[in-house]
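Chemist: pasting the sequence and the predicted model now:
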Amino acid sequence: MWSKIPEFIQNTPWQHHLWRIEDGEKSVFLTFDDGPTPGITDQVLEILREFNAKATFFCLGRNAEHYPDIVQKTRDEGHRIGNHSYSHLKGFRSSTDRYLEDVLMADRILKTSLFRPPYGRIRRREANRLAKRFTVVMWEILSHDYNRKLSPQKCYDNVMQAVRPGSIVVFHDSLKASANMLECLPKVLKELKKQGYVFKAIPETY
């Protein structure tokens, strides 16, 4: 899988997905999928606080249901919450009705206008229906922090070799990704801040 999504995919005419955000500033939009995870999400919040960075957390409904205090803490610190479905269904293996039901289950908990499909996999008919209620947020850069065969340095390189103003970047605040992510994230923030970037949350309405 690509670390940077090619332009021809981002520009597919029928898609209404959000891949990047050009806001006239040197902005980067860091995102975190699959949380909240006790201990790990807390460490991410601490790192972001250190760099005065804001981000967007695409939470699983089932995790948010178990750890509402972490979701509230994330919001209280000025970050944005997104919907990553309730149970992380694979979009190509579930019926449309089942997929949409799972997303709406999470919506009742998370109450956000942002949705990111698990694995980035979503059928056109599902995307068209969800686009009436959500902004479907994809990404331009994937760190691959969840891949335990990769080193934190490789995850860092995946981000730094592709980042540009407006990039939406994916990390994961999950147990599986934590070793790579927690080592890589501060280095990315430090270097990008040195280069003059600012770190923003994705707007609720875009």
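Modeler: Yep, that arrived.

Chemist: going by C-alpha atoms from here, please, whenever you check contacts or count neighbours.
Modeler: Will do.

Chemist: can you name the residues that contact the closest residue to residue 159 other than its chain neighbours?
Modeler: Nearest residue to residue 159, sequence neighbours excluded (Cα to Cα, 6 or more residues apart in numbering): residue 143, at 5.7 Å. Shown in contact with residue 143 (Cα atoms under 8 Å, 6 or more residues apart in numbering): 3, 155, 156, 158, 159, 169, 170, 171.

Chemist: report how many residues lie close to the third one.
Modeler: Neighbour count for residue 156, taken as other Cα atoms under 10 Å: 21.

Chemist: that one is in what secondary structure piece?
Modeler: helix 152-160 (DSSP states H and E).

Chemist: picking up where we left off before, would you mind measuring from the residue nearest to residue 159 to residue 78?
Modeler: Distance, residue 143 to residue 78, using Cα to Cα, to the nearest Å: 23 Å.

Chemist: now swap in residue 139 and tell me
Modeler: Residue 139 is 21 Å from residue 78, by Cα to Cα.

Chemist: these two - which one has more neighbours?
Modeler: residue 139 (23 against 15).

Chemist: can you pick the most crowded of the contacts of residue 143?
Modeler: Highest neighbour count within the contacts of residue 143: residue 171, with 26 neighbours (other Cα under 10 Å).

Chemist: what's near enough to touch residue 156?
Modeler: Here residue 156 is in contact with 143, 184, 185, 187, 188 (Cα under 8 Å, 6+ apart).

Chemist: by neighbours, which of those residues wins?
Modeler: In terms of neighbour count, residue 143 stands highest of those at 25 neighbours, by other Cα under 10 Å.

Chemist: hang on, the earlier thing: tell me which of the contacts of residue 143 has the lowest pLDDT.
Modeler: For the contacts of residue 143, the model is least confident at residue 3; its pLDDT is 78.

Chemist: check contacts around it.
Modeler: Counted by Cα under 8 Å, 6+ apart, residue 3 has contacts 141, 142, 143, 144, 158, 159, 162.

Chemist: determine which two of those are furthest apart.
Modeler: 144 and 162 (13.1 Å; Cα to Cα).

Chemist: these two - which one has more neighbours?
Modeler: Shown here are residue 144 and residue 162; by other Cα under 10 Å, residue 144 has more neighbours (25 against 15).

Chemist: excluding chain neighbours, what is closest to that one?
Modeler: residue 155 (6.0 Å).

Chemist: do the same with residue 181
Modeler: Residue 181 sits nearest to residue 145 (Cα to Cα, 6+ apart), 5.6 Å away.

Chemist: and the strands in the chain, which stretches?
Modeler: Taking DSSP state E, the strands of the chain run over residues 27-33, 56-59, 80-83, 114-115, 135-136, 141-142, 168-172, 198-199.

Chemist: what would these look like in a markdown table with distance to residue 44?
Modeler: Below are those laid out as a markdown table (distance: least, Cα to Cα, whole Å):
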| stretch | distance to residue 44 |
| --- | --- |
| strand 27-33 | 9 |
| strand 56-59 | 10 |
| strand 80-83 | 14 |
| strand 114-115 | 20 |
| strand 135-136 | 24 |
| strand 141-142 | 17 |
| strand 168-172 | 10 |
| strand 198-199 | 14 |
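
Chemist: geometrically speaking, which residue is the centre of this structure?
Modeler: residue 31 (3.4 Å; Cα atoms, centre = their mean).
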